[in-house]
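In: Below are the sequence and a predicted model for it; my questions follow.
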Amino acid sequence: MRSTLLLLISLFILPPLYAQSVGPVAPSLVLSERDRAKQIDDVLEDRFTNLLPQLMRREGIDMWVIISREYNEDPVLKTMLPSTWLSARRRTIMVFFDRGDKEGVEKLAIARYDVGTLLKGAWDIDVRPNQWDALAAIIAERKPKKIGLNRSTNYAHADGLTVTEQTEFLEKLPAEYQKRIVSAEKLAVGWLETRTPKEMALYPMICRLSHQIIQEGLSEQVIQPGVTTTDDVVWWFRQRITNLGLDTWFHPTVDVQRADSNDFNHLRTFSKRPDKEVIQAGDLLHVDFGITYLRLNTDQQQHAYVLRPGETSVPESIRKAFQKGNRLQDILTEQFVAGKSGNQLLLSALDQASKEGIKGTIYSHPIGVHGHAAGPTIGLWDQQKGVPGPGDYPLQANTAYSIELNAAVEIPEWKKMVRIMLEEDGFFDGQKFRYIDGRQTEIYTIPRTLGYVR
């Protein structure tokens, strides 16, 4: 029994983390599975009750029909399942019908049973043995003006209706109602991108936990210069996530820039980096890392510098380069105005960066229930003149973004350019942008400065 208890402690409790030039930082709380389920269901009920009616009325859709089969779930439907449902069951059909301000949105499942406590099962197999007949009857009884289906050219997130499901549905739906079908793209994107007050009460601690893991990974707790490889650190991050009982939506990356002849261009940055470089003194390290927790995601990129013998701080040229990266972040977030498209934000930010002599590349994106989430795309690393389609989508209030970009800066003593690649998660309330858990403003050192050692 004692050995089992010690094993559980080793798996689920982090050792202390060390912030720059300060003492130990306690890790954020990771809830038990039962407590997570309570939080997830509480947030979902609030979204159904308070957010869904607003979005349906904003988009003028009085009936939203979402259809999925087990293991081929619509991305939207997955965000609507209760905590104890890890997938659709057989075929799961959700119907949301707006009865108006007084009665609110009716939430039905064309299924043999209720979907959790929030969607009432509305299929009596003894009356209508065929599930499609049951759905068609529900529609005919309610006589909706517009029936939204998840079809989209611009967003995979809003394109979850499969050809088979659509074909079988339309075979049973009377022609009168087929004429009322519209794309639910904007409704689906609105549902996915909007962050509620309850979610934003949770998100800061999720981002904090992600920051704490990065700080530990980019420290002497994990890295021994001359021994540890970038691949070692990548797998340390993956193992730490697993040990905490968390998940991630992408495999982390760790890369190195140093005083050598290698050109750190975009292709090397994103797809052709070496996997197993030994980390050396004088290296500028970069990590791209994120976690999934309570159905929300983080996406963060930060830097650390490995001190050379005799060094006590980051070289001034690299520190100033980092400041340009911070300034590029400011330039972008200063452009945030409700109603502006992602392309407008991109082009105005790049124009201002150019005026300030910053060689910047911007590829920011929404974040939330997905890592690369639905909403306005603000550039892609290989599309710096705008992104047709998702880049034309307007900035909405109460939405979250990963401010992802890089500034290319000349380091004279290295005789080469380095890329300060930054990414931090932030929230736009319709008036102002703020970082959810702050942002990195100084490069970490490896090892950290100890307050009692001079």
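Out: Yes, it's here.

In: what does the helix or strand hosting Ala137 contact?
Out: Counting by DSSP states H and E, the element that carries Ala137 is helix 131-142. Residues from elsewhere that reach helix 131-142 (Cβ atoms under 8 Å, 6 or more residues apart in numbering): 63, 65, 91, 93, 95, 97, 106, 108, 110, 122-124, 127-128, 147, 168-169, 171-174, 177. Bear in mind the C-beta positions are built from the backbone N, C-alpha and C, glycine included.

In: State the next helix or strand along the chain beyond that helix.
Out: Later in the chain than helix 131-142, the nearest helix or strand by DSSP H and E is strand 147-149.

In: In three-state terms, label the spatially most central residue of the chain for me.
Out: Residue closest to the average C-alpha location in the chain (Cα atoms, centre = their mean): Gly371, at 2.7 Å. At Gly371 the chain is in coil, as set by DSSP: H, G, I helix; E, B strand; the rest coil.

In: Verify the stated contact: Arg112 with Ala122.
Out: No. Counting by Cβ atoms under 8 Å, Arg112 sits too far from Ala122 to count as a contact (10.0 Å).

In: more crowded one of these two?
Out: Ala122 (18 against 12; other Cβ atoms under 10 Å).

In: so the more buried one makes contact with Glu106?
Out: No. With contacts counted by Cβ under 8 Å, Ala122 stays clear of Glu106, the gap being 9.4 Å.

In: list residues touching both of these two?
Out: Counting by Cβ under 8 Å, 6+ apart, the residues touching both Ala122 and Glu106 are Val95.

In: buried residues in the host helix or strand of Asn326?
Out: Here Asn326 sits within helix 316-333, counting by DSSP H and E. For helix 316-333, burial by neighbour count (16 or more other Cβ atoms under 10 Å) applies to 318, 321-322, 324-329, 331-333.

In: Out of those, the closest to Thr117 would be?
Out: The nearest member of the buried residues of helix 316-333 to Thr117, counting by Cβ to Cβ, is Thr333 at 39.4 Å.

In: Return the per-residue confidence for the closest one.
Out: For Thr333, the pLDDT comes out at 98.

In: Which residues are in contact with the closest residue in space to it that isn't next to it in sequence?
Out: Spatial nearest neighbour of Thr333, chain neighbours left out: Phe433 (4.4 Å); criterion: Cβ to Cβ, 6 or more residues apart in numbering. Counting by Cβ under 8 Å, 6+ apart, Phe433 makes contact with 333, 336, 401, 426-427.

In: Out of those residues, give me the one that has the most neighbours.
Out: The most crowded member of the contacts of Phe433, judged by other Cβ under 10 Å, is Tyr401 (29 neighbours).

In: quick one: that one is in a helix?
Out: No. Membership of Tyr401 in a helix is not supported by three-state DSSP, which gives strand.

In: Please verify my assumption that it contacts His365.
Out: Yes. Judged on Cβ under 8 Å, Tyr401 makes contact with His365 at a distance of 6.8 Å.

In: got any residues that touch both of these two?
Out: 375, 378.

In: quick one: which of the buried residues of helix 316-333 is nearest to Pro376?
Out: Leu332 (12.3 Å).

In: give the contact list for the closest one.
Out: Listed by Cβ under 8 Å, 6+ apart, the contact partners of Leu332 are 345, 349, 362, 364, 378, 403, 405.

In: State the distance from the third one to Leu405.
Out: It refers to Ile362. Noted for Ile362: a distance of 4 Å to Leu405, by Cβ to Cβ, to the nearest Å.

In: If you count surrounding residues, which of these two has more?
Out: Using other Cβ under 10 Å, the more surrounded residue of Ile362 and Leu405 is Leu405, with 27 against 24.

In: Looks to me like that one is in a helix.
Out: No. According to three-state DSSP, the state of Leu405 is strand, so it is not within a helix.

In: Test my guess that it contacts His365.
Out: No. Using Cβ under 8 Å, Leu405 is not in contact with His365, being 10.9 Å away.

In: Any idea how far the longest helix along the chain is from the middle of the chain?
Out: When the chain is parsed with DSSP state H, its longest helix is helix 197-217. Here the centre of helix 197-217 is set off from its chain's centre by 12 Å, with Cα atoms, centre = their mean, to the nearest Å.

In: which secondary structure elements does it contact?
Out: Under the contact criterion of 3 or more Cβ pairs under 8 Å, 6 or more residues apart in numbering; DSSP states H and E, helix 197-217 touches strand 17-18, helix 33-46, helix 230-243, strand 284-289, strand 296-297, strand 300-306, strand 416-428.

In: Would you mind telling me which of those is nearest Ala353?
Out: Each of those has some distance to Ala353 by Cβ to Cβ; the shortest is strand 416-428, at 12.7 Å.

In: next one: that closest one to chain centre, how far?
Out: In terms of Cα atoms, centre = their mean, the gap separating the centre of strand 416-428 from the centre of its chain is 16 Å.

In: thought Glu73 was touching Gly160?
Out: Yes. Counting by Cβ under 8 Å, Glu73 does reach Gly160; the two are 7.3 Å apart.

In: more crowded one of the two?
Out: Neighbour tally, Glu73 and Gly160, criterion other Cβ under 10 Å: the higher count belongs to Gly160, 24 against 19.

In: Buried residues of stretch 198-207, list them for me.
Out: Buried, per 16+ other Cβ under 10 Å, within stretch 198-207: 198-199, 202-207.

In: can you list the residues you listed in CSV and add distance to Arg34 and pLDDT?
Out: Below are the buried residues of stretch 198-207 laid out as CSV (distance: Cβ to Cβ, whole Å; pLDDT from 0 to 100):
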residue, distance to Arg34, pLDDT
Lys198, 18, 97
Glu199, 20, 98
Leu202, 16, 97
Tyr203, 21, 98
Pro204, 22, 97
Met205, 18, 96
Ile206, 18, 97
Cys207, 23, 97
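
In: Between those, which sits nearest Tyr293?
Out: Nearest member of the buried residues of stretch 198-207 to Tyr293, counting by Cβ to Cβ, is Ile206, at 5.0 Å.

In: Just list the residues touching that closest one, thanks.
Out: Contacts of Ile206 (Cβ under 8 Å, 6+ apart): 291, 293-294, 296, 298.
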